[in-house]
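S.K.: Pasting the sequence and the predicted coordinates here, then a few questions.
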Amino acid sequence: MEGRRAPSLLSVIGRDGRLLFATRILRLFAYGSLSIVLALYLSSLGFDAGRIGLLLSLTLAGDTLISLLITTRADRFGRRRMLVAGAVLMALAGLVFALSRDYWVLLAAATLGVISPSGNEVGPFLPIEQSALAGLAGSERRTSLFAWYNLAGSFATAAGALAGGLALSLIGRGALGEAGAYRIIVTSYAILGLVLALLFLRLSASIETLPVPAATATEAATGAAGSATAPRTFLGLGESRSVVGRLSALFFMDAFGGGFVIQSFMAYWFHLRFGADGATLGALFFGANILAGLSALSAARIAGRIGLVNTMVFTHLPSNILLVLVPLMPTLPLALLVLLLRFAISQMDVPTRQSYTMAVVAPAERSAAAGVTGVVRTTGAAISPMITGAIMAGAGPAGLPFFLAGGIKIVYDLLLWRSFSGSGAGGGGGARKEG
């Protein structure tokens, strides 16, 4: 039965669902390649760690604003249209980064465009795609669908990181030098953004929000204009506001902790601490993201046994302990081993978190809930790089960012367990149906 699940899911979600998988793969490949070189590229332009940290923080802050503006309007103006707009902003930001060496121009492009310094999802794409996919599979298959969706993204990020590292090792040996090699990868990021926009244009109208046309038909028949939308209040949330608010506070803490060790800074840290070159960094994050993807895939089966919240906490907690141990390792091989062990279990909470959010909010508010919680996570992650940059600028390749990240995320795990472990949807019975 399990062996036939993936093909059956692909047949259920149809052409649009498969196209959304393809756009995620392309986007995460671009993110993965850029994350390997971004901090190194900025350093080659003459910016110190403090200015790099500020730029990366404002990059994530800008992604948050763009995501909020686009996702909260996607159901009204069209999901496909908003996805195309996000892809265009991604392409424009990459183009400016490739052409300009002026810090303030780059800062503006990072804030207004879509750039991923972490290798993870940023911008409006994930909430809109996630909401579209949630309606394509029933609650019994939702966690599995999100697990495969995250697996595809992790593998794409891994391939992007490997490609970026290999490109650095090959191009950097030629006449262009190191900075020129970085610029080629940044230019490729812009090109992939344009390809992404073309793929989004091929989506059909079936990905658009369904409750709105249904409400219009009802209004035409009964004259009850506005009845379907009256309960909604702030940012499209009505009856789900309370649970989304509680989840958002916790997700902010988790993302704030993770922001101390985004992939760009980890690559920079390994380069400073152990002298790791581009090829080594590419291979490291290729393996790390492959393991992360496999861990996400196994989450659905575990959640079917112990529940969504249990899976989120019991897999996330040991991964954060391993994160704290990374800077304590005396050699590069040991540090790489601990980090890879961490990634082997670190992403089991992602599809379960997404599925849990979709399960506990009203179906008509899923886009808004995904958008709000996604924006909150990006906001949390946007603050930390400034602190990491200041730490590294003042004390070199210190391990403090790893300690802060692991410690904050451990507190998040404990608070999540205390707040939601008793709920039917997360602790036991309800979660098994989700898996």
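M.R.: Received the coordinates, thanks.

S.K.: rest of the way, CA atoms for contacts and neighbours
M.R.: Will do.

S.K.: what residue is smack in the middle of this structure?
M.R.: Glu121 (2.7 Å; Cα atoms, centre = their mean).

S.K.: quick one, what contacts that one?
M.R.: Leu28, Tyr31 (Cα atoms under 8 Å, 6 or more residues apart in numbering).

S.K.: Checking it next. Helix, strand or coil?
M.R.: Following DSSP: H, G, I helix; E, B strand; the rest coil, the label given to Glu121 is coil.

S.K.: Ramachandran coordinates for it?
M.R.: phi -60, psi 130 (degrees, to the nearest 10).

S.K.: Tell me the pLDDT of it.
M.R.: We have a pLDDT of 79 for Glu121.

S.K.: So it versus Ala181, what's the distance?
M.R.: Counting by Cα to Cα, to the nearest Å, the gap from Glu121 to Ala181 is 24 Å.

S.K.: Also Ala108?
M.R.: Ala108 is 23 Å from Ala181, by Cα to Cα.

S.K.: Equivalent analysis for Ala163, please.
M.R.: Ala163 is 12 Å from Ala181, by Cα to Cα.

S.K.: Kindly report the same for Gly245.
M.R.: 44 Å.

S.K.: Between these two, which is the more surrounded one?
M.R.: Comparing Gly245 with Ala181 by other Cα atoms under 10 Å, the one with more neighbours is Ala181, at 22 against 15.

S.K.: From Ala98, how far off is the more buried one?
M.R.: Taken as Cα to Cα, the span from Ala181 to Ala98 is 11 Å.

S.K.: same thing with Leu56?
M.R.: 16 Å.

S.K.: which one is Ala61 nearest to, not counting chain neighbours?
M.R.: Counting by Cα to Cα, 6 or more residues apart in numbering, Ala382 is the residue found nearest to Ala61 once chain neighbours are left out, at 5.2 Å.

S.K.: OK, contacts around the one you found?
M.R.: If you count contacts by Cα under 8 Å, 6+ apart, then Ala382 has Leu56, Ser57, Leu58, Thr59, Leu60, Ala61, Phe256, Gly259 around it.

S.K.: try Met312
M.R.: By Cα under 8 Å, 6+ apart, the neighbours of Met312 are Met348, Asp349, Val350, Thr352, Arg353, Asp413.

S.K.: I'd say the last one and Leu317 touch.
M.R.: Yes: here Asp413 lies in contact with Leu317, judged by Cα atoms under 8 Å, at a distance of 6.2 Å.

S.K.: With neighbour numbers in mind, choose between those two.
M.R.: Asp413 (22 against 19).

S.K.: For that one, which non-adjacent residue is closest in space?
M.R.: For Asp413, the spatially nearest residue (Cα to Cα, 6+ apart) is Val313, at 5.4 Å.

S.K.: isn't that neighbour right next to Leu415, touching?
M.R.: No: under the criterion of Cα under 8 Å, Val313 makes no contact with Leu415, lying 9.6 Å away.

S.K.: Could you check how far Met329 is from Gly165?
M.R.: 23 Å.

S.K.: Over to Val105?
M.R.: 26 Å.

S.K.: higher neighbour count, the two?
M.R.: More crowded of Val105 and Gly165, by other Cα under 10 Å: Gly165, with 26 against 13.

S.K.: Tell me the confidence at the closest residue to Ala132 other than its chain neighbours?
M.R.: Ranked by Cα to Cα, 6+ apart and with sequence neighbours excluded, the top spatial neighbour of Ala132 is Ile207, at 5.6 Å. Ile207 carries a pLDDT value of 76.

S.K.: can you check Gly236 too?
M.R.: 66.

S.K.: what does Leu10 give?
M.R.: On the pLDDT scale, Leu10 gets 62.

S.K.: do the same with Leu83
M.R.: 90.

S.K.: quick one: contacts for it?
M.R.: Pro124, Phe125, Ile128, Ala197, Phe200.

S.K.: out of those, which are inside helices?
M.R.: Phe125, Ile128, Ala197, Phe200 (DSSP state H).

S.K.: residues contacting the third one?
M.R.: Contacts were defined as Cα under 8 Å, 6+ apart; by that measure Ala197 touches Leu83, Val84, Ala85, Ala87, Val88.

S.K.: one more time with 6 Å
M.R.: By Cα atoms under 6 Å, 6 or more residues apart in numbering, the residues touching Ala197 are Val84, Ala87.

S.K.: State the distance from it to Leu83.
M.R.: 7 Å.

S.K.: Next: the last one.
M.R.: When Cα to Cα is the yardstick, Phe200 and Leu83 sit 7 Å from each other.

S.K.: how far does the helix of greatest length in the chain sit from the chain's center?
M.R.: Counting by DSSP H, the longest helix found in the chain is helix 5-44. Its chain's C-alpha centre lies 10 Å from the corresponding centre of helix 5-44 when counted by Cα atoms, centre = their mean, to the nearest Å.

S.K.: Same question for stretch 161-170.
M.R.: For stretch 161-170, the distance to the chain centre is 22 Å (Cα atoms, centre = their mean).

S.K.: How about that stretch, which residues are buried there?
M.R.: Ala161, Leu162, Ala163, Gly164, Gly165, Leu166, Ala167, Leu168, Ser169 (16 or more other Cα atoms under 10 Å).
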